[in-house]
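**Student:** Sequence plus predicted model, see below.
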Amino acid sequence: MLRGLILGFGEVARHGHWPAYQRCSDVEIVAIADRSAERRAVAASLMPGVRTFASLADVPRTLSVDFVDICTPPALHAEPMLAAIARDWHVLCEKPFLLDGALAERARARAIDAGVALVPVHNWKYAPIVRSATAALRTGAIGELRHVRVETSRLRAARTADERANWRRDPAIAGGGILMDHGWHSVYLALHWFAERAQSVRAALQRPGGGAGVPVEEEARVHIEFPNGRAELLLTWNGEVRRNAMLLEGSRGRIVVDDDLLVVEGEASRSERFPRALSAGSHHDDWFAAMLPDVIGCFRQPTRSRPLVDEAAQCLSIIQQAYRSDAALASTEP
């Protein structure tokens, strides 16, 4: 059995990761590290016998740990990731994986040298309706993929453990706004479906009041060109409804995902209604649970994690290109 430590026991760890670990017979969470005494107390109440620490540095080297699950805000990923690798621990890390490409390459190199796995939490691939759409694509139901559109509509930024100061709106912590947050999911889905490297990126971002006094973007439109197609990502924190929609157009048909409805239009058309909409909830413990077997497989065979790290690096590169594209567009406007 693999022994794990969760770093950061906020909303996603408490409601998304921990419930999934409870149902997994191959993993035991033995420790929690969080700077908040209140969150440590919550963790202790949920997991009798678990050891709690204020930081990763406080975890004694005598404690047997196989992996760390990093659930801290984005700017706080790099330091514990490198520290965990130095302890020969595998690393599972929430998105956005890292905010600096040079740090991502350093972490990758050190993980390879240490023989440990680095795994990003790209859990949207494991949503039941997305898995069904992907399976239909892979079996050739719509022919060659030509166009992807991913739409994400939210009424506001997702909650954080401290709603008095939502870190998702602080660029120093979050690395950006909705594009770095929800957009990360959209980017890795496009990469996953096309299975190609992006060739070019252009984007237009919107900030209320033209950006005055608002540090992060609340809306984004991103176009990604691939060798054999293109992806369009539409994101907003100012939506009239909470909704997710996806379109995959191929040479012989298309796949439509509309929250809980999957429609495949091709040589063998079908439709299926799923019990839970994509936009329902924010923590998705069932998606995380579905991902865990692959995570455990990476821990047991670290070379399996290398393409996933590359995917995360591509996500960061594409999002950074989108920010540069928007800045260049803004500089040409009168």
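**Tutor:** All right, it came through fine. Numbering: from 1, shown residues only.
**Student:** show me where this structure has helices.
**Tutor:** 11-12, 18-22, 37-46, 78-86, 101-114, 128-138, 171-174, 178-194, 285-300, 306-332 (DSSP state H).
**Student:** Give the closest residue to I296 in space, chain neighbours not counted.
**Tutor:** D26 (5.4 Å; Cβ to Cβ, 6 or more residues apart in numbering). The C-beta positions use only the backbone N, C-alpha and C, and glycine is treated the same way.
**Student:** show me the contacts for the one you found.
**Tutor:** Contact analysis of D26 by Cβ atoms under 8 Å, 6 or more residues apart in numbering lists 1-2, 292, 296.
**Student:** likewise H283?
**Tutor:** H283 makes contacts with 11-12, 15-16, as judged by Cβ under 8 Å, 6+ apart.
**Student:** any weak-confidence spans in the chain?
**Tutor:** Where the chain drops to pLDDT under 70, the residues are 161-165, 209-214, 331-334.
**Student:** Which segments of it make up each domain?
**Tutor:** What automatic domain parsing lists as the domains of the chain is 2-122+291-302, 124-280+314-332.
**Student:** JSON lines for those domains, including distance to L308?
**Tutor:** Below are those laid out as JSON lines (distance: least, Cβ to Cβ, whole Å):
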{"stretch": "domain 2-122+291-302", "distance to L308": "6"}
{"stretch": "domain 124-280+314-332", "distance to L308": "9"}
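**Student:** and the most centrally placed residue in the chain, what are its phi and psi?
**Tutor:** By Cα atoms, centre = their mean, the mean C-alpha position of the chain lies nearest to K95, the distance being 3.8 Å. Backbone torsions of K95, given as degrees, to the nearest 10, read phi -80, psi 160.
**Student:** ok, now which ones touch the residue nearest to it when sequence neighbours are not counted?
**Tutor:** Leaving aside its sequence neighbours, K95 sits nearest to W184 (Cβ to Cβ, 6+ apart; 4.6 Å). By Cβ under 8 Å, 6+ apart, W184 lies in contact with 95-96, 315, 319.
**Student:** Of these, which is the most crowded?
**Tutor:** Tallying neighbours with other Cβ atoms under 10 Å puts C315 at the head of these, with 27 neighbours.
**Student:** Contacts for stretch 148-158, please.
**Tutor:** Against stretch 148-158 from outside (Cβ under 8 Å, 6+ apart): 166, 168-169, 177-178, 181-183, 185-186, 189-190, 193-194, 229-249, 279, 282.
**Student:** for stretch 292-310, same thing?
**Tutor:** Stretch 292-310 is touched from outside by 2, 20-21, 24, 26-27, 66-67, 90, 92, 97, 104, 107-108, 111-112, 115-120, 122, with contacts defined as Cβ under 8 Å, 6+ apart.
**Student:** gap between the residue nearest to the centre of the chain and A117?
**Tutor:** Using Cβ to Cβ, to the nearest Å, we find K95 at a distance of 16 Å from A117.
**Student:** Distance check, the residue nearest to the centre of the chain against P80.
**Tutor:** If you measure K95 against P80 using Cβ to Cβ, the figure is 15 Å.
**Student:** can you check F53 too?
**Tutor:** Taking Cβ to Cβ, one finds F53 at 12 Å from P80.
**Student:** now swap in P60 and tell me
**Tutor:** Going from P60 to P80 by Cβ to Cβ gives 16 Å.
**Student:** Then E272?
**Tutor:** Applying Cβ to Cβ to E272 and P80 gives a distance of 41 Å.
**Student:** what do you get for R242?
**Tutor:** 32 Å.
**Student:** Between the two, which is the more surrounded one?
**Tutor:** Between R242 and P80, counted using other Cβ under 10 Å, P80 has the larger neighbour count: 22 against 16.
**Student:** Now do the same contact list for the residue lying closest to the more buried one once chain neighbours are set aside.
**Tutor:** Distances taken as Cβ to Cβ, 6+ apart place L56 nearest to P80, at 4.9 Å, with adjacent residues excluded. Residues near L56 by Cβ under 8 Å, 6+ apart: 5, 7, 33, 68, 80, 83-84.
**Student:** And for I173?
**Tutor:** With contact taken as Cβ under 8 Å, 6+ apart, I173 is in contact with 73-76, 167.
**Student:** at 10 Å instead, please
**Tutor:** 72-76, 99, 160, 165-167 (Cβ atoms under 10 Å, 6 or more residues apart in numbering).
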